[in-house]
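Asker: test case, fold it:
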Amino acid sequence: MSVTSDVTSGATSSVAHGDLALRDAEPGHAPAPPLWSREFALLSLAALGVVFGDIGTSPLYALRECFHGEHGVPVTAENVVGICSLVLWSLVLVIAVKYITFVMRADNSGEGGILALMALVRSKTSEGRDTRRILVSLGLFGSALLYGDGVITPAISVISAVEGINVATTALEHYVLPITVVILVGLFAMQPLGTANVGRMFGPVLLVWFATLAVLGVHGILREPAILNAMNPVSAARFFARNGVHGLLVMGAVVLCVTGGEALYADMGHFGRAPIRAMWFAVAMPALVLNYFGQGALLLAAPGAVENPFFQLAPGWAIIPLVVLATLATVIASQALISAAFSLTRQAVQLGYCPPVRITHTSATEIGQIYISSVNWTLMLATVGLVLGFRTSTNLASAYGIAVTMTMAITSVLFFLVARELWGWSLAHAGAVVGLFLVADLAFLGPNLLKVHTGGWFPLVAAGAVFTLMTTWRTGRSLTRARLAERAIPLADLLRDLAAGRIPRIPGTAVFLTGDPDAVPTALAQHLRHSPVLHEQVYLLSMRTRDVAHVPAEGRVATRDLGAGVHVVMIQLGFMQGLSTADIFKALAAAGHAIDPERTSFYLRREIVLSTKRPGMARWRERLYARMLRNARPTAAFFQLPADRVVELGVRVEI
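Answerer: Sure thing, here's the model as predicted:
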């Protein structure tokens, strides 16, 4: 049943399309398994297969681009040792110190990622409104940049692995692009299996990959042990002294060795902090350092190998098997960014920056393991299009890096505020730590800004588009609520009419979703206009998303009896939580209101937004918001409401 009419009176009513976006019901976090237990080992292996794929496949192209890229330096012994030193200390400072040691401590009830960090800052900062708006905008733009990175990472990782075929034979050169596209399509087709299942399949493969990295690296180092001089940070300083400004520009390629850091943080909610830390220090970091040093040793002995030092590090008979293994590893590398995109989208929905989407939970124990079909297939189309457009990994390297480095810098700024406001660090303490992080972030960001004209424009355009959609949805929801509030009917007026018997009552129960428990829901006002009778029991269900990931069960539900059979039920949820119909009935029963689902009707409003000249957004943004609203997942489907118990009442809203 659907009724449409103009709004002449009424208030904010049902939580429709983002007044408070709630997702399907979900389990809570399972208790962390004990260290060194079988469960911890399996979880760590799955984490290895999902979280470290991106950074784990950087050796395929990172060192090569330092010498072979747009701003590459000559392959001299001093430059090789200097760049290997930069790679080592970048891994130490950015990944081991910044992300693993510090930033992962800034979790929001176990959830990581820049949106979770933004929500943490927004809830704790004591700054003024303008400052908070700036911080929120920074967090949103950082998350939008990560979507751009989520498109580029699968493209550059897979194509760089498949290009290894050219080392063995040039006969298959024309098949590199078709093979890459087929592999990428297969990767995205696997996502409905769930992060944990994919991780269990990928974990053993990536364990073999890291072991191979280490073995190849040791083989190279034994040939030229002089590369071990790169362990001395003085070698990095001397590199800058010799190369000057050109040496600084090379940092735009060095950053490729740490591009998985932000995804590592965003994927923390999938597996937890401990398994990720264990796998980094025990497996990933040692293997990466050994391989980079092995490639450096190869270049010391054979500078001509700079065209593809990774594959030429292997003996001739091993190249084809290594291409196969590298291809599998790069497929896995893409998983980290895909999983991060799912997590970011869920957080954006819950925080009101994204329309409701269908979210499928793929684990009965880990709350963070989800699948979002619309995000998955959009990423697939964008990634395949990027491969076909740029065609080689070297071309893609020009587009890579700028999104990651901007996000890393934004994360550092937000972390500074968490350290100051939440942890109580002194200005000197927080400034010293974050200042060190920003030195590295800006050293990486500066050279990447020079890549804008050669491909760096793509992640900026993609991020700008996502940022525009997120802010348009958020602002549109605020304008819609404001317009409806202008015509709000005080709840006290309804209660007086009910007490005086001016509104006939009929048997049954009605539930009206509302964003303002002190005003008559718009759907209720519309219902009385078209059918001036009301059920004997009326529940005004108000739900609020807080800036924390999870709200404990004991503080989640509060009820208020207004008399005349009218009750207000207020439910508070974290941005990683949500409700289905069954959960609503359970919450009401726990509060002492047992309701028969077969005799309950749910009344929702369906908004029809009209763009006008009234103050608000630009007209093109208002039209964009109206289109997003029309295409958003219906509220009834979002809450899994029984179709035969739902009444939708349309309202026209001028913004």
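Asker: now stretch 559-576, how far from the centre of its chain.
Answerer: 31 Å (Cα atoms, centre = their mean, to the nearest Å).
Asker: how about the contacts made by the nearest residue to T57 once chain neighbours are set aside?
Answerer: Spatial nearest neighbour of T57, excluding adjacent residues (Cβ to Cβ, 6 or more residues apart in numbering): A333 at 4.1 Å. Glycine gets a C-beta too; all of them are placed from N, C-alpha and C. Residues in contact with A333 (Cβ atoms under 8 Å, 6 or more residues apart in numbering) are G53, D54, G56, T57, T153, P154, S157, G260.
Asker: tell me which element A333 is part of?
Answerer: Counting by DSSP states H and E, the element that carries A333 is helix 319-350.
Asker: before we move on, what about L540?
Answerer: strand 534-545.
Asker: in that strand, which residues are buried?
Answerer: Under the neighbour-count criterion of 16 or more other Cβ atoms under 10 Å, strand 534-545 has L534, H535, Q537, V538, Y539, L540, L541, S542, M543, T545 buried.
Asker: so which strand or helix has the nearest residue to the second one once chain neighbours are set aside?
Answerer: This points to H535. In space, and not counting its chain neighbours, H535 is closest to A510: 4.1 Å by Cβ to Cβ, 6+ apart. Using DSSP H and E, A510 falls within strand 505-514.
Asker: got the buried residues for that strand?
Answerer: T509, A510, V511, F512, L513, T514.
Asker: partner strands of that strand, with direction?
Answerer: strand 534-545 (parallel), strand 600-610 (parallel) (DSSP bridges).
Asker: which strands and helices sit next to the helix or strand that contains V205?
Answerer: If you go by DSSP H and E, V205 is part of helix 195-223. With contacts taken as 3 or more Cβ pairs under 8 Å, 6 or more residues apart in numbering; DSSP states H and E, helix 195-223 sits against helix 38-51, helix 53-56, helix 285-301, helix 319-350.
Asker: what comes up buried for the helix of greatest length in the chain?
Answerer: In the chain, assigned by DSSP state H, the helix with the most residues is helix 129-162. Applying a neighbour-count criterion of 16+ other Cβ under 10 Å, one finds 135-136, 138-162 buried in helix 129-162.
Asker: centroid-nearest residue for this structure?
Answerer: L344 (2.6 Å; Cα atoms, centre = their mean).
Asker: which residues of the stretch 551-655 of the chain fall in helices?
Answerer: For the stretch 551-655 of the chain, the helices defined by DSSP state H, counting those that start in this stretch cover 581-590, 619-631, 635-638.
Asker: kindly export the second one (C-alpha atoms) in PDB.
Answerer: Listed in PDB are the C-alpha atoms of helix 619-631, where the atom choice follows Å, rounded to 0.1, in the frame of the first residue of the first chain:
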ATOM      1  CA  ARG A 619      20.300  22.900  -7.600                       C
ATOM      2  CA  TRP A 620      22.500  20.200  -9.300                       C
ATOM      3  CA  ARG A 621      23.300  18.700  -5.900                       C
ATOM      4  CA  GLU A 622      19.600  18.700  -5.000                       C
ATOM      5  CA  ARG A 623      18.800  16.800  -8.100                       C
ATOM      6  CA  LEU A 624      21.600  14.500  -7.500                       C
ATOM      7  CA  TYR A 625      20.300  13.900  -3.900                       C
ATOM      8  CA  ALA A 626      16.800  13.200  -5.300                       C
ATOM      9  CA  ARG A 627      18.200  10.600  -7.700                       C
ATOM     10  CA  MET A 628      20.200   9.000  -4.900                       C
ATOM     11  CA  LEU A 629      17.000   8.800  -2.800                       C
ATOM     12  CA  ARG A 630      15.000   7.200  -5.500                       C
ATOM     13  CA  ASN A 631      17.700   4.500  -6.100                       C
END
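Asker: that one - what's its average pLDDT?
Answerer: Averaging pLDDT along helix 619-631 gives 89.
Asker: mind listing what's buried in that helix?
Answerer: Buried-residue list, helix 619-631, by 16+ other Cβ under 10 Å: R621, E622, L624, Y625, A626, M628, L629.
Asker: out of those, who's nearest L442?
Answerer: Here the nearest of the buried residues of helix 619-631 to L442, counting by Cβ to Cβ, is R621; it sits at 32.2 Å.
Asker: T472 is in contact with the closest one, correct?
Answerer: Yes - in this structure, R621 is within contact of T472 by Cβ atoms under 8 Å, at 5.0 Å.
Asker: what is the nearest of the buried residues of helix 619-631 to S373?
Answerer: Nearest member of these to S373, counting by Cβ to Cβ, is M628, at 17.4 Å.
Asker: pretty sure that closest one sits against R474.
Answerer: No - at 11.0 Å, M628 does not count as touching R474 under the criterion of Cβ under 8 Å.
Asker: from N108, how far out is the spatially closest residue to M118 that is not a sequence neighbour?
Answerer: Excluding the flanking residues, the one nearest M118 by Cβ to Cβ, 6+ apart is G139, at 2.7 Å. Counting by Cβ to Cβ, to the nearest Å, the separation of G139 from N108 is 12 Å.
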